[in-house]
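1. build the 3D model from these lines:
(one chain, ligands or ions: 2)
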Amino acid sequence: MILKDCKIFMDVFNKKKKIAVLGSTGSIGTQALEVIDMLPDRFEIAALTAGDNIDLISRQIKKYSPKYVCVKQKETFEHLKNIFKQTEFFYGEDGLIKIADLKELDLILVAVSGKIGLKPTIRAIKNKVNIALANKETLVMAGDIVMSLAKENNVKILPVDSEHSAIFQCINKREDVKHLIITSSGGPFRTASKEDMENADLNEALNHPRWKMGKKITVDSATLMNKGLEVIEAHHLFNMDYDDIKVVVHPQSYIHSAVEYKDGSIIAQIGNPSMHIPIQYALTYPERLEGIETESFDFFKAAKFEFFEPDYEKFPSLALAIDAGKKGNTYPVCMNAANEEAVFAFLNKKIKFTDIYKITKKIYDSYEGINSPSIEQIITEDEKVREKTKLLINSLKKEV
Ligand code: NDP
Ligand code: MG
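-> Ligands and ions are numbered 1, 2, ... in the order given. Have a look, this model is predicted:
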C-alpha cells in the first residue's frame, strides 16, 4: 500500500506536462517555447499551431517533433503533411478545436490572437484541460460563459497577461481584497500632444517603450484600449466589480500590478518587464522554477518608480472599454470587434491613428446589445459588428 502510494507520488512529480501551444509562431508562443527550452524535463510538446508563418512552424516541427500541428490554411496543411509524415496535421478553426479536444493534454497555452481563441478555449475547458490564457479576446467576448464553464469543469484558467499574472500571484484570500490595481506603461504617446497623436504614423504607434509584442496588441497599447481590455479580463478572472479595479500609469513597468487588501496593505508583484516570467508561472504553476530569467531585479539601477492618473480624455478608448465592460452582455463583443477592425485598417494604412477610436465609438454608440448571449450569439454579433465596421471604414475612405 505504501509502495503503491509512493509510485503514484513519483508518477505525479516525474511526469512531463503534455502541452499544446496554440499560436506557437507568435510573440507569446515563441517566448513560451523559449521557456520550455529551459525546462526540458518538465514539458513534452504534444501540439503546435500556426497561422500563416510556414517557415517558422516548419522549423518548430523539426525541432520539437510534435505529434499534432494545426495551421490556418488548407493549402499549408496539404503542403506540410507531405513533408512531415510523422505528424498529424489539422487546419482552420476546426483544427484548433480538435487540438483542444485531445485527451492526452495536461495543459494548453492559448496564445493565438483575436477571436479565433474563443472556441478552442471552450473546448479545452469541456475537455477538462487546464488553460494558460494569453488570448484576451476570449474573456472580453465571453468572460461570463468561460469562467462559469471553467468552474463547472474544475479547470484552472492561469493568466499569462503580465498584469493578471501579477494579481494572481498577489492574491491569497480573494474575500479580503478591496481593489485590484492594474498598471500601465502609458504606451508610446503618454507624453505626446493631441496634435502629435492626430499625425502619428504606424511606426510611432508600434514603437512601444517597454514591451515587444504582436502588432494588434501594440497598437492597442498605444490607444490604451489594451488597458481597457485588461480591466475586463481582470473583472472576469478575479470576479471583481469594475468600480474596484483601478488603472495606474507607471511608465517604468516594474510594478506589474498589485492588490489592495481591506486592511490597507498593498501587495505588488515587481520585476524587470519580461513576458518570460508570467508565461513560465502559468506553465509551471503552482511551482516556481529557475528558468530563463536569472538576473535579479536591481532596485538601485531602477531607482525611479513614477505613478500618474490615466488621461481618459487623451485616451478615450480606455473609458470606452470600461463602459462596455460595465454594460456587459454583448457590448464588449461590439467594442472589441469594432476596435479590432479599426486597428487592422490602421495597420493597413487605411485610416489615421485617432480614427481607431472614432470608428469604434461610432459603431458602439449605434449598437443594441443582446442580454445573456450564448456563444453562437456572441459569434454572430461579432461578425455583424465587423461587417458594419468594415463598411464604415470603406465609406470613410471614399469620402477622402
Ligand atoms: P502575435 O500576432 O505575435 O501572434 C499571434 C499568433 O496567433 C501567431 O502564432 C499567429 O500565427 C496565430 N494566429 C493569428 N491568427 C490566426 C488564425 N486565424 N488562425 C490560426 N492562428 C492564428 O500575437 P501575440 O503573441 O502578441 O498575442 C497573442 C495573444 O496574447 C493576443 O490575444 C494578445 O492580446 C495576448 N497577449 C499578448 C502579450 C504579448 O506580450 N505579446 C501580452 C499579453 C497578452 P502566424 O504568425 O503563423 O500567422
Ligand atoms: Mg498586459
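
2. same question for F300, what's its three-state structure.
-> Classification of F300 by DSSP: H, G, I helix; E, B strand; the rest coil places it in helix.

3. pull the contacting residues for H179.
-> By CB atoms under 8 Å, 6 or more residues apart in numbering, the residues touching H179 are D244, I245, K246, V259, E260. The way it works is simple: take the backbone N, C-alpha and C, and place the C-beta from them, glycine included.

4. rerun at 10 Å
-> Neighbour list for H179: M240, D241, D243, D244, I245, K246, A258, V259, E260, Y261, K262, I266 [criterion: CB atoms under 10 Å, 6 or more residues apart in numbering].

5. likewise D196?
-> Neighbours of D196 in contact, by CB under 10 Å, 6+ apart: F189, E204, F353.

6. got phi/psi on the second one?
-> It stands for E204. Backbone dihedrals for E204, given as degrees, to the nearest 10, come out at phi -70, psi -40.

7. my read: it touches T218, true?
-> No: at 11.1 Å, E204 and T218 do not qualify as touching, with contact defined as CB atoms under 10 Å.

8. element containing the closest residue to V177 other than its chain neighbours, please.
-> With CB to CB, 6 or more residues apart in numbering as the criterion, V177 has its nearest non-adjacent residue at 5.6 Å, and that residue is V259. Using DSSP states H and E, V259 falls within strand 255-261.

9. which among the contacts of H179 count as buried?
-> Buried residues within the contacts of H179, defined by neighbour count using 16 or more other CB atoms under 10 Å: M240, I245, A258, V259, E260, Y261.

10. tell me what the third one is bridged to.
-> When assigned by DSSP bridges, A258 has beta-bridge partners I181, A268.

11. wait, what's in contact with it?
-> Applying CB under 10 Å, 6+ apart, one finds that A258 lies in contact with 163, 166-167, 170, 179-183, 246, 248, 250, 266-270.

12. what about 8 Å?
-> A258 sits in contact with A166, I167, C170, L180, I181, T183, I266, I267, A268, Q269, where contact means CB under 8 Å, 6+ apart.

13. the residue in the chain positioned nearest to ligand 2: neighbour count?
-> Ranking the residues of the chain by distance to ligand 2 (CB to the ion) places D161 first, at 4.3 Å. Neighbour count for D161, taken as other CB atoms under 10 Å: 28.

14. now for it: which residues touch it?
-> With contacts defined as CB under 8 Å, 6+ apart, D161 is in contact with L133, A134, K136, E230, E233, P278.

15. in JSON lines, list those residues along with distance to S27 and neighbour count.
-> As requested, these are arranged in JSON lines below (distance: CB to CB, whole Å; neighbours: other CB atoms under 10 Å):
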{"residue": "L133", "distance to S27": "15", "neighbour count": "27"}
{"residue": "A134", "distance to S27": "9", "neighbour count": "30"}
{"residue": "K136", "distance to S27": "13", "neighbour count": "24"}
{"residue": "E230", "distance to S27": "16", "neighbour count": "28"}
{"residue": "E233", "distance to S27": "17", "neighbour count": "25"}
{"residue": "P278", "distance to S27": "13", "neighbour count": "28"}
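
16. out of the residues you listed, flag the one nearest to A342.
-> Each of those was checked against A342 using CB to CB; the closest is K136, at 16.8 Å.

17. ok so, going back, can you redo the contacts of D196 as a markdown table with distance to ligand 1, pLDDT and neighbour count?
-> Rendered in a markdown table, the data for the contacts of D196 read as follows (distance: CB to the nearest ligand atom, whole Å; pLDDT from 0 to 100; neighbours: other CB atoms under 10 Å):
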| residue | distance to ligand 1 | pLDDT | neighbour count |
| --- | --- | --- | --- |
| F189 | 19 | 96 | 23 |
| E204 | 19 | 93 | 15 |
| F353 | 19 | 97 | 21 |
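
18. ok, now how distant is T25 from A282?
-> Counting by CB to CB, to the nearest Å, the gap from T25 to A282 is 19 Å.

19. cool, and K173?
-> Computed as CB to CB, the K173 to A282 distance reads 21 Å.

20. these two: who's more crowded?
-> A282 (26 against 8).

21. pull the distance from stretch 226-240 to the chain's centre.
-> 11 Å (CA atoms, centre = their mean, to the nearest Å).

22. give me the mean pLDDT for it.
-> Across stretch 226-240, the average pLDDT comes to 98.

23. can that stretch be found next to ligand 1?
-> No: contact of stretch 226-240 with ligand 1 is not found when judged by CB under 6 Å from any ligand atom; the minimum separation is 7.3 Å.

24. dump the residue contacts of the nearest residue to I359 once chain neighbours are set aside.
-> Using CB to CB, 6+ apart and skipping the chain neighbours, the partner closest in space to I359 is A342 (4.3 Å). With contacts taken as CB under 8 Å, 6+ apart, A342 has the following neighbours: I351, D355, I356, Y357, I359, T360, T389, I393.

25. now distance to ligand 2 too, for the buried ones among the contacts of H179, in a markdown table please.
-> Putting the buried ones among the contacts of H179 into a markdown table (distance: CB to the ion, whole Å) gives the following:
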| residue | distance to ligand 2 |
| --- | --- |
| M240 | 16 |
| I245 | 14 |
| A258 | 14 |
| V259 | 16 |
| E260 | 19 |
| Y261 | 23 |
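
26. which pair in these has the greatest spatial separation?
-> By the measure CB to CB, those have their two most distant members at I245 and Y261, which lie 14.8 Å apart.

27. which residues of the stretch 101-250 of the chain fall in helices?
-> Assigned by DSSP state H, counting those that start in this stretch, the stretch 101-250 of the chain shows helices spanning 118-126, 136-152, 162-170, 194-198, 202-205, 215-223, 225-238.

28. mind checking which of those is nearest F43?
-> With CB to CB as the criterion, F43 lies closest to helix 118-126 of the helices of the stretch 101-250 of the chain, at 16.7 Å.

29. no further questions, thank you.
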